[in-house]
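**Student:** Here's a sequence, model it:
(chains A and B, ligands or ions: 2)
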Protein chains: 2
Amino acid sequence: MKNSKLIETAIEALTCLPGVGPKSAQRMIYSLLKNNRHGGINLSQVLKQAMTEVSNCSVCQTYTENEICEICLNKDRLATGTVCVVENPSDIIAVERTGQFDGRYFVLHGNLSPIDGISPEDLKIDILENQLKSGNISEVILATSSTIHGEATALFISEICKKYKIQSTRIAYGIPIGGELDLVDGSTLIHAFSGRKTY
Amino acid sequence: MKNSKLIETAIEALTCLPGVGPKSAQRMIYSLLKNNRHGGINLSQVLKQAMTEVSNCSVCQTYTENEICEICLNKDRLATGTVCVVENPSDIIAVERTGQFDGRYFVLHGNLSPIDGISPEDLKIDILENQLKSGNISEVILATSSTIHGEATALFISEICKKYKIQSTRIAYGIPIGGELDLVDGSTLIHAFSGRKTY
Ligand SMILES: [Zn+2]
Ligand SMILES: [Zn+2]
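**Tutor:** Ligands and ions are numbered 1, 2, ... in the order given. Just a heads-up that it's a prediction; the model follows:
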């Protein structure tokens, strides 16, 4: 490489972004330098603000710069008594896009994994349990992924629900609508078969 | 979208990067928030520094935070008397990667285009002409792209070279018509250099 030291440092720094290697990082820096320095400075400022000010919603744990997120502030959504438990904040965006869910969420930011030392406290399941204890929740929809850790986490939370006599449900995993059977991976197919329902 | 306002602003800001749409921008922000806030803050700082401190080398016009770039400071490279004229700073990286060129460069940051109002002055061809006038240059290799504008620019500079009785050559072999120099593989580029022709 024969880039200047500062440009090389910037290229290196850009590779902290997922999916960005040295080659696309170089293209990005050159593009900003040539056409959009204002955009680059704006990105710099907003990025710093996001990194330092975004924390977790004290109720559902999703990312927000406020004490409580917009969804948790919505009394209509709290009133449904339904909580959808997801692994990641991005899962909320995916569910919201369907427009079919009107309850609220709880974000675990991961799954239980004793091997990796991830405990119920790390996932703030104690906070979730306090909410279940409060008596305002009637159903917990467990939408963790269908991995071993996701299943174990869902099972763990369903046991807590039982303790408080709250219904817990697991979202259905199977063949995507419109998906072709021979394009689906084996474990999805196994799920689809074992999760079959009578007409 | 149900992201917080600050996260949405950050996603929007990230789309100033080429090849980054709202979806990958969201993935980037979530990834930084979860796993690498330190990296995000570092990127923010370095990016601001690059946008504000990187200017053009006063000799060859490539991007650098210094008054004169590393290549132009190299007396051995100046002593060759050869100048390779390229469109973009990234073209220098591509030529340097071949390890076959030991002269110096001149970066136009574009091509002549009367329709777009891009004049010789915009490309600093007056600065290049002053360098040709100085008498220390014996050959100008014209490595602008093989587009209409790239050809016109090469021709324009070759006419200036004639005025000062300096040999000008055009790289010719291997570069695909319409192809961009920095996307071409090394051996093609070596062929293009060795197969250059005098005007
Ligand atoms: Zn919330
Ligand atoms: Zn230079």
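
**Student:** Going by C-alpha atoms from here, please, whenever you check contacts or count neighbours.
**Tutor:** Noted.

**Student:** can I assume A:Ile171 is in contact with A:Leu142?
**Tutor:** Yes. In this structure, A:Ile171 is within contact of A:Leu142 by CA atoms under 8 Å, at 6.4 Å.

**Student:** ok, the residue most central in space within chain A - contacts?
**Tutor:** Among the residues of chain A, the one closest to the centroid is A:Asn88, at 1.3 Å (CA atoms, centre = their mean). Applying CA atoms under 8 Å, 6 or more residues apart in numbering or on different chains to A:Asn88 gives the contacts A:Thr62, A:Val107, A:Leu108, A:His109, A:Gly110.

**Student:** mind checking how far it is from B:Leu33?
**Tutor:** 11 Å (CA to CA, to the nearest Å).

**Student:** swap in A:Thr82?
**Tutor:** 27 Å.

**Student:** you'd agree A:Val85 is in a strand?
**Tutor:** Yes. Secondary structure of A:Val85 (DSSP: H, G, I helix; E, B strand; the rest coil): part of a strand.

**Student:** Share the number of residues neighbouring it, please.
**Tutor:** Counted with other CA atoms under 10 Å in any protein chain shown, the neighbours of A:Val85 add up to 23.

**Student:** Just confirm it contacts A:Gly150, I think it does.
**Tutor:** No. Contact criterion CA under 8 Å: A:Val85 and A:Gly150 do not qualify, at 11.0 Å.

**Student:** Which residues of chain A lie near ligand 1?
**Tutor:** Within chain A, the residues that sit near ligand 1 (CA under 5 Å from the ion) are A:Cys57, A:Val59, A:Cys60, A:Cys69, A:Cys72.

**Student:** Repeat the analysis, applying 8 Å as the threshold.
**Tutor:** A:56-62, A:64, A:68-73, A:104-106 (CA under 8 Å from the ion).

**Student:** Buried subset of those residues, written for ChimeraX?
**Tutor:** In ChimeraX syntax, the buried subset of these is picked out as below (16 or more other CA atoms under 10 Å in any protein chain shown):
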select /A:56,57,59,60,61,62,64,68,69,71,72,104,105,106
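
**Student:** Restricted to strands, list the residues of chain A next to ligand 1.
**Tutor:** A:Asn56, A:Thr64, A:Arg104, A:Tyr105, A:Phe106 (DSSP state E).

**Student:** ok, the residue nearest to A:Ile68 when sequence neighbours are not counted to ligand 2 distance?
**Tutor:** Among residues not flanking A:Ile68 along the chain, A:Cys57 sits closest, at 4.7 Å (CA to CA, 6 or more residues apart in numbering or on different chains). The gap separating A:Cys57 from ligand 2 is 51 Å, by CA to the ion, to the nearest Å.

**Student:** Pretty sure A:Gly21 sits against A:Ala13.
**Tutor:** No. The pair A:Gly21 and A:Ala13 does not pass the contact test of CA under 8 Å, sitting 10.4 Å apart.

**Student:** which one of these two has more residues nearby?
**Tutor:** Neighbour count, other CA under 10 Å: between A:Gly21 and A:Ala13, A:Ala13 has more, with 21 against 14.

**Student:** Pull the contacting residues for that one.
**Tutor:** A:Ala13 touches B:Gly39, B:Asn42, B:Leu43, B:Val46, counting by CA under 8 Å, 6+ apart.

**Student:** Can you say which of those residues are buried?
**Tutor:** Here, 16+ other CA under 10 Å leaves B:Gly39, B:Asn42, B:Leu43, B:Val46 buried among those.

**Student:** Okay, and which of those map to helices?
**Tutor:** Among those, the subset assigned to helices under DSSP state H consists of B:Gly39, B:Asn42, B:Leu43, B:Val46.

**Student:** burial measure for the residue nearest to the last one when sequence neighbours are not counted, as a count.
**Tutor:** Excluding the flanking residues, the one nearest B:Val46 by CA to CA, 6+ apart is A:Ala10, at 5.6 Å. Close neighbours of A:Ala10, defined as other CA under 10 Å, add up to 25.

**Student:** got it, and A:His149?
**Tutor:** Neighbours of A:His149 using other CA under 10 Å come to 16.

**Student:** and it, what element?
**Tutor:** helix A:148-163 (DSSP states H and E).

**Student:** now that helix, how far from the centre of its chain.
**Tutor:** 17 Å (CA atoms, centre = their mean, to the nearest Å).

**Student:** Can you pull out the residues in contact with that helix?
**Tutor:** A:111-113, A:125, A:129, A:132, A:140, A:142-145, A:167-170.

**Student:** now swap in stretch A:66-83 and tell me
**Tutor:** A:54-60, A:62-63, A:102-106, A:136-141, B:2, B:4.

**Student:** Switch the ones in strands among the residues of chain A next to ligand 1 over to CSV; also include pLDDT.
**Tutor:** Converted to CSV, those look like this (pLDDT from 0 to 100):
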residue, pLDDT
A:Asn56, 97
A:Thr64, 97
A:Arg104, 96
A:Tyr105, 95
A:Phe106, 97
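
**Student:** What is the nearest of those residues to chain B?
**Tutor:** A:Thr64 (5.4 Å; CA to the nearest CA).

**Student:** can you pull the contacts of that closest one?
**Tutor:** With CA under 8 Å, 6+ apart, A:Thr64 has these contacts: A:Val54, A:Ser55, A:Asn56, A:Cys57, B:Asn3, B:Ser4, B:Leu6, B:Ile7.

**Student:** rerun that using 6 Å as the cut-off
**Tutor:** A:Val54, A:Ser55, A:Asn56, A:Cys57, B:Ser4 (CA atoms under 6 Å, 6 or more residues apart in numbering or on different chains).
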